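1. sharing a model prediction with you, sequence too.
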Amino acid sequence: MAQDDQFKKLIAHAKEYGYIFQSSEIYDGLSAVYDYGQYGVELKNNIKKYWWDAMVKMHENIVGIDAAIFMHPETWNASGHTSAFNDPLIDNKDSKKRYRADDLIEEHIQKYQAKINKDVDKGRKKFGDSFDEKQFLETNPNILRNKSKIDEIQGRLVKALEADDLNEIKQIIVDCEIACPVSGSKNWTDVRQFNLMFETQLGSVAEGASKIYLRPETAQGIFVNYLNVQKTGRMKLPFGIAQIGKAFRNEIVARQFIFRMREFEQMEMQFFVKPGTEKEWFNHWKELRMKWHKALGLTDEKYRFHEHDKLAHYANAAFDIEFEFPFGFKELEGIHSRTDFDLSQHQKFSGKKLQYFDPESGESFVPYVVETSIGLDRTFLTILSACLQDEEVKKENGDSDIRVVFRIPPALAPIKLAVLPLVKKDGLPEKAREIIDELKFDFTCQYDEKDSIGRRYRRQDAIGTPYCVTIDHKTLEDNTVTIRDRDSMEQERVQISELTKIVDDKVSMKKLLKKIF
Ligand code: GAP
């Protein structure tokens, strides 16, 4: 299936099965804002728990906070967001469409990369087993030409972004003859900077009102609370503060569903360390975060590291963990070594000392910070895009059928088991309720008696429920039930008393965490 169609299909599935709805849909929706439905919120909460447990519960030296979304406006002057949290934008005069200028150039670069990939495929087909990809990449004239084009454009872009040279960014677009994807024209405005923060007023709009911002990242709530937590928690370096919360960005180009939203959630952890040890901690967190992702079992090849070409002036190392979404490899999480920039800035702007006293050396200093910052919604999208599958199944009469199955990692599945009475009579519904009343303390259960048993199984497969338990007449005689596995579709007759153990074995968060720790 074409990538575009595959992506449309998963968006439709997310809506049809109560995972994600367009915000304010009855008013035709609000662009790049989404609501999570009855199953979506459960999946989201389970992802949060997986992250929180891995960061806070598994580390004695990491604690959590929940800071307010509104912060003193001076926070954003100190962090640099009021002056520098900008994207370069450009408008096409014919289509009136607005684009991020750097994205247009990056997409143009990707076209050269696609040509290289195509040539490699052709080479592989032509030379078969004797194909030497490394040598081909180093010697094929077409590939070398395309590679040098990529290097040239990328080099110019990085330099222009570093120097904040908007004229040069426009010139790259002109020189590369980049056309508007909508109008096809090259009739561009100049490139301008656009600040991504949303503004609002605190207090009455009249006298005394002051301009404040919706936070564009959760990290600053951690920095301004660094000393509160360090002192009240008697924390010793190295230690971390974790937080999950909403962030807001007025994205210029908001598309790709929940990948780029205007209101989204971040899960961030700032790890405070002694200056000079940050590289070691940076490598530690880089590896540990990758392990966390891979433990989910969404296919290891779908993840890769990407080192930043352009480091922020305060950072001394930065890597992204990228995931292969249906529209290609894109950023999922950032791991940044931010030096002492943020704390020093807050110290300067607030006039309050934000130092750590090291009892061993007797010195006071501003700690360095290694940050891990992951988008909750993007993590949700990794699961949607990797786990939703169409599977061919053979029917009893030999025909084949398509089963839509959402293979969510069981520990994250919104519903852990569905309890289904075979028929709506003879005391079977009552027995099903009895089982739910016992199991609901441990697992999110769902009762379903509508439609044939086959249709009910398919409905649970599409929701992603790891287990279905069926109650039939034999259950009333011997307290046994049939338990059906979502992935293998295998069914087994077991005692009701065994259910808790069987389900727990499959859906336990502990087992997932044990893969990492
Ligand atoms: N404190 C560092 C920070 O905010 P970032 O790279 O701007 O760094 C971190 O954002 C993560 O937040 C990203 O890797 C991404 O997963 C998520 N994110 C950023 N902007 C987003 C948006 N508009 N919609 C959804 N997720 C977003």
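-> Now that the structure is in, tell me what you want to look at. Numbering: from 1, shown residues only.
2. quick one: mean pLDDT for the helix or strand Val393 falls within?
-> According to DSSP states H and E, Val393 maps onto strand 388-394. Averaging pLDDT along strand 388-394 yields 92.
3. what are the pairing partners of the following helix or strand past it, and which direction each?
-> Going down the chain from strand 388-394, the next helix or strand is strand 400-406, by DSSP H and E. Counting by DSSP bridges, the strands paired with strand 400-406 are strand 388-394 (antiparallel).
4. send me the strand it pairs with as CSV with only the CA atoms.
-> The C-alpha trace of strand 388-394 is given here as CSV (Å, rounded to 0.1, in the frame of the first residue of the first chain):
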residue,chain,number,x,y,z
LEU,A,388,-1.9,-1.5,13.1
GLN,A,389,-1.9,-4.4,10.6
ASP,A,390,-4.0,-6.0,8.0
GLU,A,391,-3.6,-9.7,8.1
GLU,A,392,-4.8,-12.4,5.8
VAL,A,393,-6.6,-15.2,7.6
LYS,A,394,-7.9,-18.5,6.1
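5. can you give me the helices in the stretch 351-500 of the chain?
-> Assigned by DSSP state H, counting those that start in this stretch, the helices in the stretch 351-500 of the chain fall at 376-387, 428-439, 453-463, 473-478, 499-507.
6. in the strand holding Val393, what counts as buried?
-> Neighbour counts over strand 388-394 (16 or more other CB atoms under 10 Å) mark Leu388 as buried. In this view, the C-beta of every residue, glycine as well, is placed from N, C-alpha and C.
7. what of stretch 142-155?
-> Across stretch 142-155, burial judged by 16+ other CB under 10 Å covers 143, 146-147, 149-150, 153.
8. for the ligand, what are the nearby residues on this structure?
-> The interface of the chain toward the ligand, taken as CB under 6 Å from any ligand atom, is made up of 217, 219, 249, 251, 260-261, 264, 266, 268, 331-334, 371, 373-375, 377-378.
9. which of those residues count as buried?
-> Buried by 16+ other CB under 10 Å: 217, 219, 249, 251, 260-261, 264, 266, 268, 332-334, 371, 373-375, 377-378, out of the residues of the chain next to the ligand.
10. including secondary structure, could the buried residues of stretch 142-155 go into CSV?
-> Below are the buried residues of stretch 142-155 laid out as CSV (DSSP: H, G, I helix; E, B strand; the rest coil):
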residue, secondary structure
Ile143, helix
Asn146, helix
Lys147, helix
Lys149, helix
Ile150, helix
Ile153, helix
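11. how much space between the residue in the stretch 1-150 of the chain that the ligand sits nearest to and Arg249?
-> Relative to the ligand, the nearest point of the stretch 1-150 of the chain is Ala32 (7.6 Å; CB to the nearest ligand atom). Taking CB to CB, to the nearest Å as the measure, Ala32 and Arg249 are separated by 9 Å.
12. joint contacts of those two?
-> Arg262 (CB atoms under 8 Å, 6 or more residues apart in numbering).
13. in which helix or strand would I find Val253?
-> Using DSSP H and E, Val253 falls within no helix or strand.
14. that one: how many residues sit nearby?
-> By other CB atoms under 10 Å, 15 other residues sit near Val253.
15. what residues does it make contact with?
-> Val253 neighbours (CB under 8 Å, 6+ apart): 98-100, 103, 260.
16. most neighbours of all those residues, which one?
-> Going by other CB under 10 Å, Tyr99 tops the contacts of Val253 with 24 neighbours.
17. which residue does the chain have closest to the ligand?
-> Ranked by CB to the nearest ligand atom, the top residue of the chain for proximity to the ligand is Gly375, at 2.4 Å.
18. list the beta-bridge partners for that residue.
-> With DSSP bridges as the criterion, Gly375 is bridged to Gln266.
19. that one and Glu263 touch, don't they?
-> No - between Gly375 and Glu263 there is no contact under CB atoms under 8 Å: 12.0 Å.
20. so who does Asp119 touch?
-> Going by CB under 8 Å, 6+ apart, Asp119 touches 140, 142-143, 146.
21. mind doing that once more with 10 Å?
-> Asp119 is in contact with 136-137, 140-143, 146, counting by CB atoms under 10 Å, 6 or more residues apart in numbering.
22. next, the angle helix 376-387 makes with the one helix or strand Leu10 maps to.
-> Assigned by DSSP H and E, Leu10 belongs to helix 3-16. Angular relation of helix 3-16 and helix 376-387 on a 0 to 180 degree scale: 110 degrees, by axes from the mean of the first three to the mean of the last three CA atoms, to 10 degrees.
23. and the next helix or strand past helix 3-16?
-> Downstream of helix 3-16, the first helix or strand assigned by DSSP H and E is strand 20-22.
24. residues making contact with that next one?
-> Residues outside strand 20-22 that contact it (CB under 10 Å, 6+ apart): 10-11, 13-15, 28-37, 39-41, 43-44, 257-258, 377, 380-381, 384.
25. overlap in contacts, Gly375 and Glu263.
-> Residues touching both Gly375 and Glu263 (CB under 10 Å, 6+ apart) are Ala247.
26. in what helix or strand does the residue of the stretch 1-150 of the chain closest to the ligand lie?
-> Counting by DSSP H and E, no helix or strand carries Ala32.
27. tell me the confidence at it?
-> In the predicted model, Ala32 carries a pLDDT score of 93.
28. what's the local residue count around the closest residue to it other than its chain neighbours?
-> Here the nearest residue to Ala32 in space, its sequence neighbours aside, is Ala254; by CB to CB, 6 or more residues apart in numbering that works out to 3.0 Å. Ala254: 15 surrounding residues under other CB under 10 Å.
29. hmm, Ala254 is touching Arg260, no?
-> Yes - with contact defined as CB atoms under 10 Å, Ala254 counts as touching Arg260 (5.3 Å).
30. which residues are common contacts for those two?
-> Between them, Ala254 and Arg260 share these contacting residues under CB under 10 Å, 6+ apart: Ala32.
31. skip the chain neighbours and tell me the closest residue to Glu492.
-> In this structure, Glu492 finds its nearest non-sequential neighbour in Ile483, 5.5 Å apart by CB to CB, 6+ apart.
32. ok, what's across the strand from the spatially closest residue to Phe329 that is not a sequence neighbour?
-> Excluding the flanking residues, the one nearest Phe329 by CB to CB, 6+ apart is Glu322, at 4.5 Å. Beta-bridge pairing for Glu322 (DSSP bridges): Arg304, Glu331.
33. wait, what's in contact with the closest residue to Met261 other than its chain neighbours?
-> Excluding the flanking residues, the one nearest Met261 by CB to CB, 6+ apart is Ala32, at 5.1 Å. Counting by CB under 10 Å, 6+ apart, Ala32 touches 22-23, 249-251, 253-264.
34. among these, name the ones in strands.
-> The strands, defined by DSSP state E, take in 22, 263-264 from the contacts of Ala32.
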